[in-house]
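Q: no sequence for this one, just the structure:
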């Protein structure tokens, strides 16, 4: 015991400290022998004495809440628990043994407050829910999620002035402490809550009235969101745009579209976390990677909602009945192999009017109700603007990923040119950056860049908890390649010959790609529209397709000949323009 309390002291000094502390304790306690049992080798608290230990009472109440059947009992036990929590455990003590225990109890307290807010909101006791939300903010005055939840409670009570007051408090706190504005999710939630149709008078239950008795069983709540495996960098504009879409009452289905490895899942997760307090029933996350058929979708959604399907009758109809009673954001991650299930999403949009859908897919769903959000790469470091590299989100992602792969590795400013070059080589693709950074434990940044220039196959990782199709960039594009028809594969391969973009006419003449075929490749995030009349392939996509083209010498030769003939003929046609009054336009076109 002495060593635990004073690990840095000598044995004799630690024992002396313990004797002094024991003396002080005996002087402080009334009838000390009632509570303490001690001899030369033993010091023990008498558990049979008449006392209350706040930590034990706190944890006992939490345990009772966890096993409670009715909502009213659960609320009672949670309120008892939080009443025992008067502050962090021994806040002046920073010894190693106390810090994990203090944080464990603090997190349990915050979780209990969150549960109380949710349960009381379901009971429409908005006044009590607001009171506990305020306690959350007392522990973290900069928690934007807590501010959004509190604004929502005021909105449900019909208190627009309260919504504005809470937002202004949030705004002032962030400006004062961090010199920043509220995030896009907070701003969008504020604007959305002000637009809600609210009663003129508050609808919260008076303090004196008992809370309405709930049904014996609680309605299903979504499972916890996945814990992000990596930090989040940049994407402020993208998050703000998604927040605007989700705040739009006419927007019910948003699809984040982009090639594999571009960061769709991570952006969706960041959006989901920020929107948990915006929706009364929270956010449900449905990972679709393991699903093989569209028929499995309803069961996967039910599992995410913590709802057990009866197994009798139409699973989709049963799930729709559950969703119809919810105000929820439903996130469906990796939908591209389940496109035949898109009609079920239409049924959700039509019948569950307070549910919004956020989908990630390598391919658009091609639904009239769909709002498509194309996700691009991270900003690529400008080779001529080295002063901006340290603040570039792609560079920051590489540095953080390298530190995670090899904590002993120290990256300095002298590494920035090579890091920026790596980010350009992978075209700002987050997965490519993370795969490249994983080699920092063995290679210098310059060596990593050199290996990437040699082969796409260098970008691979063997981590067990990384999905197989994300363990290498080649695996990512092998998956997308398998979704194409042979004709679409042939067109993509030929388009890889263009080094820096192409026009529709050039694609038609050299790759035999008509507009519908070009549109299909664009819908699958393999072709990007870069400017009016021009298209491009992402650098990594082009490299992958080029490997396929060069594996067929005959196809490569034929495509190269077509390419040369087309541009030779095109330049010949420009001759008259270059010699006439339109010379400037002609040079621009060339």
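A: Looks like it arrived, so ask away. Keep in mind the model is a prediction, meaning the values are calculated, not measured.
Q: make it CA atoms for all contacts and neighbour counts henceforth
A: OK.
Q: what comes into contact with the helix or strand containing residue 300?
A: Element membership of residue 300, judged by DSSP states H and E, is helix 297-304. With CA atoms under 8 Å, 6 or more residues apart in numbering as the test, helix 297-304 has contacts from 222-223, 284-288, 291, 308-309, 315-316, 319, 341.
Q: 7 Å - rerun?
A: Taking contacts as CA atoms under 7 Å, 6 or more residues apart in numbering, the residues outside helix 297-304 that touch it are 222-223, 284-286, 308-309, 315-316, 319.
Q: which residues touch residue 365?
A: Counted by CA under 7 Å, 6+ apart, residue 365 has contacts 339, 342.
Q: Doesn't it lie inside a strand?
A: No: counting by DSSP: H, G, I helix; E, B strand; the rest coil, residue 365 falls outside a strand, being coil.
Q: Relative to residue 292, how far out is it?
A: Taking CA to CA, to the nearest Å as the measure, residue 365 and residue 292 are separated by 18 Å.
Q: any idea which residue sits dead centre in the chain?
A: Central residue of the chain (CA atoms, centre = their mean): residue 269, 2.1 Å from the mean position.
Q: any idea which element residue 97 lies in?
A: Per DSSP H and E, there is no helix or strand for residue 97.
Q: Can we start the residue count at 429 from this point?
A: OK, 429 is where the count begins now, so the last one is residue 525.
Q: Give the closest residue to it in space, chain neighbours not counted.
A: residue 432 (7.3 Å; CA to CA, 6 or more residues apart in numbering).
Q: What number of neighbouring residues does the one you found come out with?
A: If you count neighbours by other CA atoms under 10 Å, residue 432 ends up with 11.
Q: Quick check: it vs residue 526, distance?
A: 10 Å.
Q: What helix or strand is the residue nearest to residue 525 located in?
A: Using DSSP H and E, the element containing residue 432 is helix 430-433.
Q: mind showing which ranges of this protein have poor pLDDT?
A: Applying pLDDT under 70 to the chain picks out residues 624-649, 657-658, 834-837, 889-899, 959-961, 1010, 1018.
Q: where do the strands sit along it?
A: Ranges of strands within the chain are 464-466, 471-473, 681-685, 711-715, 756-761, 783-789, 798-802, 930-931, 956-959, 962-964, based on DSSP state E.
Q: Now do the helices in the stretch 579-728 of the chain.
A: Using DSSP state H, counting those that start in this stretch, the helices found in the stretch 579-728 of the chain span residues 588-606, 612-623, 664-675, 692-703, 725-732.
Q: okay if I get those helices as JSON lines plus distance to residue 884?
A: Converted to JSON lines, those look like this (distance: least, CA to CA, whole Å):
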{"stretch": "helix 588-606", "distance to residue 884": "42"}
{"stretch": "helix 612-623", "distance to residue 884": "36"}
{"stretch": "helix 664-675", "distance to residue 884": "28"}
{"stretch": "helix 692-703", "distance to residue 884": "21"}
{"stretch": "helix 725-732", "distance to residue 884": "34"}
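Q: and residue 560, which of those helices is closest to it?
A: Comparison of the helices of the stretch 579-728 of the chain against residue 560 by CA to CA identifies helix 588-606 as nearest, at 14.4 Å.
Q: Tell me what angle the closest one forms with helix 612-623.
A: With axes from the mean of the first three to the mean of the last three CA atoms, to 10 degrees applied, the angle from helix 588-606 to helix 612-623 works out at 160 degrees.
Q: Could you tell me which residues within helix 588-606 count as buried?
A: Residues of helix 588-606 classed as buried by neighbour count (16 or more other CA atoms under 10 Å): 588, 590-592, 594-595, 598-602.
Q: and the gap between residue 905 and residue 968?
A: Computed as CA to CA, the residue 905 to residue 968 distance reads 9 Å.
Q: Repeat that for residue 906.
A: Relative to residue 968, and taking CA to CA, residue 906 is found at 12 Å.
Q: what's the distance between the lengthiest helix in the chain and the middle of its chain?
A: Counting residues, the longest helix found in the chain (DSSP state H) is helix 981-1007. The chain centroid and the centroid of helix 981-1007 are separated by 46 Å, computed with CA atoms, centre = their mean, to the nearest Å.
Q: for stretch 443-457, same thing?
A: Mean-position distance between stretch 443-457 and its chain equals 51 Å (CA atoms, centre = their mean).
Q: got the buried residues for stretch 532-549?
A: Buried, per 16+ other CA under 10 Å, within stretch 532-549: 533-534, 536-538, 540-549.
Q: In the stretch 729-878 of the chain, mark out all the helices, start to finish.
A: 743-751, 770-779, 821-833, 844-853, 858-865, 873-882.
Q: any chance of these in TSV, plus mean neighbour count and distance to residue 511?
A: Below are the helices of the stretch 729-878 of the chain laid out as TSV (neighbours: other CA atoms under 10 Å; distance: least, CA to CA, whole Å):
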stretch	mean neighbour count	distance to residue 511
helix 743-751	18	35
helix 770-779	16	42
helix 821-833	22	40
helix 844-853	22	52
helix 858-865	25	45
helix 873-882	17	54
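Q: so which of those helices comes closest to residue 623?
A: helix 770-779 (20.8 Å).
Q: What is the burial count for residue 675?
A: 21.
Q: How much space separates it from residue 619?
A: From residue 675 to residue 619 the distance is 8 Å (CA to CA).
Q: More neighbours: residue 906 and residue 968, which one.
A: Using other CA under 10 Å as the criterion, residue 906 and residue 968 rank with residue 968 on top: 19 against 13.
Q: Run through the residues that contact the closest residue in space to that one that isn't next to it in sequence.
A: Spatial nearest neighbour of residue 968, excluding adjacent residues (CA to CA, 6+ apart): residue 854 at 6.0 Å. With contacts defined as CA under 7 Å, 6+ apart, residue 854 is in contact with 860-861, 967-968.
Q: switch to 10 Å and redo it
A: By CA atoms under 10 Å, 6 or more residues apart in numbering, the contact set of residue 854 is 805, 808, 860-861, 864, 877, 880-881, 884, 887, 901, 966-969, 971.
Q: ditto for residue 940
A: 915, 918-919, 922-923, 933-934, 946 are the contacts of residue 940 under CA under 10 Å, 6+ apart.
Q: Isn't residue 799 up against residue 669?
A: No: the criterion here is CA atoms under 10 Å, and residue 799 misses it with residue 669 at 11.7 Å.
Q: quick one: the helices in the stretch 429-578 of the chain?
A: Using DSSP H, counting those that start in this stretch, helices in the stretch 429-578 of the chain cover 430-433, 439-456, 460-463, 482-495, 499-512, 527-550, 554-567, 572-584.
Q: closest one to residue 751 among these?
A: helix 527-550 (15.7 Å).
Q: And the closest one, what does it pack against?
A: Helices and strands touching helix 527-550, by 3 or more CA pairs under 10 Å, 6 or more residues apart in numbering; DSSP states H and E, are helix 482-495, helix 499-512, helix 554-567, helix 572-584.
Q: From the chain's centroid, how far away is it?
A: 22 Å.
Q: now stretch 466-479
A: The answer for stretch 466-479 is 50 Å, by CA atoms, centre = their mean.
Q: So what touches it?
A: 429, 446, 450, 461-465.
Q: Including neighbour count, could these go into JSON lines?
A: Output for those, formatted as JSON lines (neighbours: other CA atoms under 10 Å):
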{"residue": "429", "neighbour count": "11"}
{"residue": "446", "neighbour count": "18"}
{"residue": "450", "neighbour count": "15"}
{"residue": "461", "neighbour count": "13"}
{"residue": "462", "neighbour count": "13"}
{"residue": "463", "neighbour count": "17"}
{"residue": "464", "neighbour count": "17"}
{"residue": "465", "neighbour count": "12"}
